[in-house]
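**Q** Below: sequence and its predicted model.
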2 protein chains.
Amino acid sequence: MDEIEKVLKTHEVRPTAIRLLMYKFLKERNSAVTLNDIESGFDKSERTTLYRTIKTFEKNGLVHQIDDGTGVAKYALDEPEVGIGNSQDLHLHFHCTNCNETICLTDHKIPHISLPKGFVTQDMNLVLKGICDKCNES
Amino acid sequence: MDEIEKVLKTHEVRPTAIRLLMYKFLKERNSAVTLNDIESGFDKSERTTLYRTIKTFEKNGLVHQIDDGTGVAKYALDEPEVGIGNSQDLHLHFHCTNCNETICLTDHKIPHISLPKGFVTQDMNLVLKGICDKCNES
DNA sequence: AAGTTAATGCACTTAAGTTGCATAAATTTC
DNA sequence: GAAATTTATGCAACTTAAGTGCATTAACTT
């Protein structure tokens, strides 16, 4: 059985043709993609289907949504989980204002923040904005 | 001359009736507001005008836009500036997933993050999500 | 007060996200 | 393996927020 097929099944996502293709598509990218990016990558298939597919991926822990401040949702593959939990969400993202790409900095965790009494944190989103390495060298 | 009128003039915003009202409206709130919130707060005046007004405020350094991940832009008054610079942007925000309010934690600055070579940071956005103090006590 | 510049109101457009429903495909049950 | 059931897909349509063009009105300048 295909490697990707296994990954999907592990996450209880039935491996249909489109899902396999989308997973491969996401895997080939090293930056986060919008629904439009995905749509452009597939001649076939329909916006709604792609939308629901990515949402299924998200719900089942295959991708995470990134909100980089551009106003458009982006998605990137989760790292293969070591354990259970949402440590996935706690890495930070870098958004390049030049090329508009957003990447996961998976080994940069968000530092702990102590809040005033009464506040309970469940999730965090940290986006750094600036110029990425590629845009700086060219 | 009115206090608010002075503030607007200092930021080169002509103090029209609507602008004075909107500034007062923002000042009375201690959480960030959406354009819809503003619209509901004013019987009169038109969506577009309110939109352009808040954008003018933003451009002239009276408010800052907050992207809390709900997909709707929110705005909050800037703190009175101590000096020049964008230290304004570097505080963090707390979004309560229960009451949907977003507040500025102005005295909580975003800690410094060291990035890989080639990356230059110009701006940051950190949003913590969870339950706020009000929702926790009730 | 006349002229100029900026703000406002109205209509319309765009873009992303989202839902309903019929059809098609895949899985389960017999 | 065929029928029944569940799930996925495709199409159309809707919702919401954001944004633009342009004529009118208000504010400021001289």
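**A** Cool, got the structure.

**Q** Relative to the centre of chain A, find the outermost residue for me.
**A** residue A:117 (32.1 Å; CA atoms, centre = their mean).

**Q** which non-adjacent residue is nearest that one?
**A** Distances taken as CB to CB, 6 or more residues apart in numbering or on different chains place residue B:133 nearest to residue A:117, at 6.9 Å, with adjacent residues excluded. Where you see a C-beta, it was placed from the backbone N, CA and C, and this is true even at glycine.

**Q** wait, isn't that neighbour in contact with residue A:118?
**A** Yes: the pair residue B:133 / residue A:118 is scored as a contact, 2.8 Å apart, by CB atoms under 8 Å.

**Q** In terms of neighbours, single out the busier of the two.
**A** residue B:133 (16 against 12; other CB atoms under 10 Å in any protein chain shown).

**Q** residues in contact with the more buried one?
**A** The contact partners of residue B:133, by CB atoms under 8 Å, 6 or more residues apart in numbering or on different chains, come to A:116-119.

**Q** Can you report how many residues lie near residue A:95?
**A** Residue crowding around residue A:95 was assessed by other CB under 10 Å; the count is 24.

**Q** In this structure residue A:124 contacts residue A:110, no?
**A** Yes: with contact defined as CB under 8 Å, residue A:124 reaches residue A:110; the gap is 5.1 Å.

**Q** and for these two, which residues touch both?
**A** Common neighbours of residue A:124 and residue A:110 (CB under 8 Å, 6+ apart) are A:90, B:126.

**Q** what about those two, which has more around it?
**A** For residue A:124 versus residue A:110, neighbours defined as other CB under 10 Å are more numerous around residue A:124 (21 against 17).

**Q** Sticking with that one, tell me its helix or strand.
**A** Here residue A:124 sits within strand A:120-131, counting by DSSP states H and E.

**Q** residues touching the residue of chain A found nearest DNA strand C, list them.
**A** Of all residues in chain A, residue A:73 sits closest to DNA strand C, at 3.1 Å by CB to the nearest atom of the strand. By CB under 8 Å, 6+ apart, the residues touching residue A:73 are A:34-35, A:65-67, B:71.

**Q** neighbours around residue A:30, how many?
**A** Residue A:30: 10 surrounding residues under other CB under 10 Å.

**Q** tell me the pLDDT at the spatially most central residue of chain A?
**A** Residue closest to the average C-alpha location in chain A (CA atoms, centre = their mean): residue A:76, at 1.9 Å. Note for residue A:76: predicted pLDDT of 96.

**Q** repeat for residue A:89
**A** pLDDT, residue A:89: 61.

**Q** How about residue A:131?
**A** 96.

**Q** now residue A:3
**A** With respect to pLDDT, residue A:3 scores 90.

**Q** wait, is the residue farthest from the centre of chain A part of a strand?
**A** No: under DSSP: H, G, I helix; E, B strand; the rest coil, residue A:117 falls outside any strand and is assigned coil.

**Q** Kindly report the residues of chain A close to chain B.
**A** Taking CB under 8 Å from any CB of the partner chain, the part of chain A that reaches chain B is made up of A:67, A:69, A:71, A:73, A:92, A:94, A:97, A:105, A:108, A:110-111, A:113, A:115-134, A:136-137.

**Q** Return the members of those residues classed as buried.
**A** Among those, those classed as buried by 16 or more other CB atoms under 10 Å in any protein chain shown are A:67, A:69, A:73, A:92, A:94, A:97, A:105, A:108, A:110, A:113, A:115, A:119, A:124-133.
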